[in-house]
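Asks: My questions concern the predicted model and sequence given below.
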Amino acid sequence: MDSPPSPSAMIGAPGTAAQRHVLDPGGGLGDWLAAQGQPAWRGRVIWRWLHGRRAASFADMTDLPRSLRAGLEAEFRIWTTTVALHRRADDGTEKLLLQLADGQRIECVLLRDGERRTVCISSQVGCAMGCVFCASGIDGVVRNLTTGEIVEQLLRLALLLPAGERLSHIVVMGMGEPLANLDRLLPALAEAQDAEGLGISQRRITVSTVGLPPAIDRLAALDPGYHLAVSLHAADDELRTRLVPVNKAIGLAEVMAAADRYWEASGRRLTFEYVLLGRENDSVEDARRLVRLLGGRAALVNVIPYNAVAGMPWREPTPAARDAFLDVLRSSGVNVQVRRRKGARIDAACGQLRRIAATP
Ligand code: SAH
């Protein structure tokens, strides 16, 4: 079922290019307030309105002097994106196709699961990793998202919730390779944790990576409190390089070693993701190889049955193949979770996010 854009998602037109982005920490709000003779705490008040109190426009910030609101209106913009498409699935999943100020497009998703309100956000326009089964990398990467554009996804999705509901989890599993854009991603995730803003605890934030060892080490050194998910998809180098081309220059041994170092730094259980592609990487032998690769690590394996991408030759695993694969893992003592499919009917499931909506 599709629905028209909700009023809340449409609120707030983007401003002119000369205006600065108030959601970007580098947008210059603090300096501007100082130049206006405003006390510094006003910056925090504005921040709280946007992040914690769901203001969609400066006009909503009723405790600011009217003249200040007018000045902000002229100088800054809250939203740099427009909602090009808002789709809603029967299972409660909602997807926003956002048009960025330069005309590029990204997608982000709100998932409802019991009490959980999880957002799946993008980190780049497109993706350079080239995983052969994923829609996001079909045309390569165009650019990194700015911190403000990442924050904007969070706030736009939060605005879809009724009053009284809050976002509870963030997964950086949308378009792009988050570890290739850490410098812009980390400030956005730090803001999401602020108790006066979205207040999402770091333990509920998952960063998913194709497995870039130097960047995993960097994250471990900078801030290892995030939950890290490493996309494996194969347990031997030949198959992994075929499915995940960046593996060629890296190799599984390096990926696993970097994952172990992150685990040591964070003390948090690692997750490995494994997309099951029918008759490609779903045999019992593949499962046994995966058990050997994991070698008794206390990790969780997140098995993701392939979600169809238009024009791609891959198949979903048959239920029998999937169950046999899972049986091998479970009987070997591996912790396994099968990712339930959400939003597939609106192309909002894993791997289906792309720059242009395939089925507008
Ligand atoms: N670049 C990050 C985030 C990718 S999206 C990464 O590689 O981890 C999150 C997960 O969805 C990844 O494991 C990704 O490989 C997987 N995925 C990609 N395309 C998919 C598809 N068509 N069906 C199911 N999962 C897919």
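Replies: Thanks, I have it.

Asks: could you pull out the helices for this protein?
Replies: Secondary structure of the chain (DSSP state H): helices at 7-10, 29-35, 41-51, 66-75, 147-158, 182-193, 213-222, 237-243, 252-266, 284-294, 319-331.

Asks: So which of the ones you listed is nearest Leu276?
Replies: helix 319-331 (6.0 Å; CB to CB). Yep, even glycine has a C-beta here, placed from its N, CA and C like the rest.

Asks: Tell me what angle the closest one forms with helix 284-294.
Replies: Relative orientation of helix 319-331 versus helix 284-294 (axes from the mean of the first three to the mean of the last three CA atoms, to 10 degrees): 30 degrees.

Asks: Helix 319-331 close to the ligand?
Replies: No. Helix 319-331 stays clear of the ligand (CB under 6 Å from any ligand atom), getting no nearer than 12.7 Å.

Asks: mind listing what's buried in that helix?
Replies: By neighbour count on 16 or more other CB atoms under 10 Å, the buried set for helix 319-331 is 321-322, 325-326, 328-329.

Asks: quick revisit: comparing the helices of the chain by mean pLDDT, which bottoms out?
Replies: In terms of mean pLDDT, the lowest-scoring of those is helix 7-10 (a mean of 42).

Asks: Which part of the stretch 1-150 of the chain gets nearest to the ligand, residue-wise?
Replies: Nearest to the ligand in the stretch 1-150 of the chain, going by CB to the nearest ligand atom, is Cys134, at a distance of 3.4 Å.

Asks: Now that residue: closest residue in space, sequence neighbours ignored.
Replies: Gly351 (4.4 Å; CB to CB, 6 or more residues apart in numbering).

Asks: cool, Ile346 as well?
Replies: Sequence neighbours aside, Arg87 is the residue nearest to Ile346 in space, at 4.2 Å (criterion: CB to CB, 6+ apart).

Asks: Just confirm Ala257 contacts Pro213, I think it does.
Replies: Yes. If you go by CB atoms under 8 Å, Ala257 and Pro213 touch, sitting 7.2 Å apart.

Asks: Show me which of these two is the more surrounded one.
Replies: Using other CB atoms under 10 Å, the more surrounded residue of Ala257 and Pro213 is Pro213, with 19 against 14.

Asks: who's in contact with that one?
Replies: With contact set as CB atoms under 8 Å, 6 or more residues apart in numbering, Pro213 has these partners: 250, 254-255, 257-258.

Asks: quick one: which of those residues has the most company?
Replies: With neighbours taken as other CB under 10 Å, the top of the contacts of Pro213 is Val255, carrying 26 neighbours.

Asks: Apart from its neighbours in sequence, what residue is nearest that residue?
Replies: Gly211 (3.9 Å).

Asks: what about the one you found, distance to Leu72?
Replies: Separation of Gly211 from Leu72 (CB to CB, to the nearest Å): 43 Å.
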